[in-house]
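> Starting from these lines, generate the structure:
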Amino acid sequence: MPRLIPPHHPLLALMASRRCCRFTLRSGVSLLLFILLLPQVPAAAELIDQDGTRIVFDRPFSRIISLYPAHTENLVELGATEQIIGVSRGDNPAAVRGKEIFSDADSAEKFLAAAPDLVLVRPMISRSHPALLARLRDSGITVVSLQPTDVKGMFAYWQTLGDLTGRAAAAQSMRTRFLAGVAAIERKIPIADHGRRPGVYVEAIHAKMKTFSPASITIYAVETAGGRNIATDARPRNRSNIAEYGKEHIIARAAEIDIFLSQTGRMNAIDIDTLKAEPGFELIKAFKDNRVYLIEETLVSRPTPRLLTGIEQLHRLFYPQPPTTGHRQ
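Predicted coordinates:
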């Protein structure tokens, strides 16, 4: 006859505990699988754009119209070319050739017909065409205004574009590569205190005798390349990176200006002959020494990774290599 275990025997309690554990484990695994199979809803992201507008979105944008060449160039660099459906007339990356062309002067109907989910602009467009942007927003289209004026803002701007397109990791990689390139250039600068570096005056708009804010992206490029900004007392207006300086200020610093640099492009259509013909500029040391240079606006004024190319070009202008003689055998 089998032995009966008393109802309160410790063995019965142990067996019950094991059955309970097996049941709990099976239930836990089933619950975890159920949760994993549920549709995953991404958390909403939020940003404040350059115009102070609060933007909330819960998914990457996939039909983007870019009305500023820097936006387009950065989107291409991020790998978001397929998400772009329209660009501005000033865009030049080969990757967007064939995309529909848009302008802030176009009607709202043209934008609505393209059915974008995001239109990227900059503050200048916001100020000049508020009615257009209001119509787009009222129609359910997200409009974001961005244009950084300094390097810290540039990195944040790249990250914002990465967030908007679902390419946050690519934006971080852009920043890492850029800073690595900057470090490589800085290692080439001869060891000297800052005061002994070549003094550089950078012209933004010749017709108005304007320079750049000391905190601007362009001055960052000059200083990173090994130059010393002469116009440290320039003061920008209206949160711009452009500052009035005036010929009298330039001439007053004539002996300190080792290098005279002028950006050239849509903002400043200029040439060397025009610069050299400017009355009073013959007093500037850089003109006496024939160290007057033009630099492409897109390389030193736009917040894109091509700024690194501009810094490299400036470094070569500031520290030219002596010519080699003879031939290698």
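> Which residues are in contact with Ser145?
Each residue near Ser145 by C-beta atoms under 8 Å, 6 or more residues apart in numbering is listed here: 49-51, 53, 121-123, 125-126. For every residue, glycine as well, the C-beta is placed using N, CA and C.
> shaky segments in the stretch 151-300 of the chain?
Across the stretch 151-300 of the chain, the ranges flagged by pLDDT under 70 are 192-194.
> quick one, strands of the stretch 51-200 of the chain?
54-57, 64-66, 84-87, 100-101, 118-121, 142-145, 199-203 (DSSP state E, counting those that start in this stretch).
> out of these, nearest to Thr211?
Among the strands of the stretch 51-200 of the chain, strand 199-203 comes nearest to Thr211, with 5.8 Å by C-beta to C-beta.
> picking up where we left off before, next step: the contacts of Ser145 restricted to helices.
Cross-referencing the contacts of Ser145 against helices under DSSP state H gives 123, 125-126.
> Present the strands of the stretch 51-200 of the chain as a markdown table; the columns should include distance to Arg135.
As requested, the strands of the stretch 51-200 of the chain are exported to a markdown table (distance: least, C-beta to C-beta, whole Å):
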| stretch | distance to Arg135 |
| --- | --- |
| strand 54-57 | 17 |
| strand 64-66 | 14 |
| strand 84-87 | 16 |
| strand 100-101 | 19 |
| strand 118-121 | 11 |
| strand 142-145 | 10 |
| strand 199-203 | 39 |
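> Of these, which is nearest Glu256?
Comparing the strands of the stretch 51-200 of the chain by C-beta to C-beta, strand 199-203 comes nearest, at 4.5 Å.
> Arg266: neighbour count?
Arg266 has 9 neighbours, counted by other C-beta atoms under 10 Å.
> isn't it right up against Glu296?
No: Arg266 is not in contact with Glu296 according to C-beta atoms under 8 Å; the separation is 10.8 Å.
> just so I have it, where are all the helices in the stretch 151-300 of the chain?
151-165, 168-186, 217-224, 247-252, 272-276, 285-288, 297-300 (DSSP state H, counting those that start in this stretch).
> out of those helices, which comes closest to Asn238?
helix 151-165 (15.9 Å).
> What's the separation between Glu100 and Thr309?
28 Å (C-beta to C-beta, to the nearest Å).
> And the two? Which one has more around it.
Thr309 (16 against 13).
> That one reaches Thr298, doesn't it?
No: the pair Thr309 / Thr298 is not scored as a contact, 9.4 Å apart, by C-beta under 8 Å.
> Buried deepest among the strands of the stretch 51-200 of the chain, which one?
Among these, strand 64-66 has the highest mean neighbour count (mean count of other C-beta atoms under 10 Å), at a mean of 27.
> what's it packed up against?
helix 69-78, strand 84-87, strand 118-121 (3 or more C-beta pairs under 8 Å, 6 or more residues apart in numbering; DSSP states H and E).
> And for it, what's in contact with it?
72, 75, 80, 83-88, 91, 102, 111, 114, 116-120, 165.
> strand partners of it, parallel vs antiparallel please.
strand 84-87 (parallel), strand 118-121 (parallel) (DSSP bridges).
> In CSV, list those strands along with distance to Ala243 and mean pLDDT.
CSV is the format used below for the strands paired with strand 64-66 (distance: least, C-beta to C-beta, whole Å; pLDDT from 0 to 100):
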stretch, distance to Ala243, mean pLDDT
strand 84-87, 30, 96
strand 118-121, 24, 98
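> excluding its backbone neighbours, what's nearest Phe281?
Closest residue in space to Phe281, ignoring its immediate chain neighbours: Phe287 at 5.4 Å, by C-beta to C-beta, 6 or more residues apart in numbering.
> What is the neighbour count of that neighbour?
18.
> for it, what are its contacts?
So Phe287 contacts 260, 275-276, 281 (C-beta under 8 Å, 6+ apart).
> ranking these by neighbours, who comes first?
Ranked by neighbours (other C-beta under 10 Å), those are led by Phe260, which has 24 neighbours.
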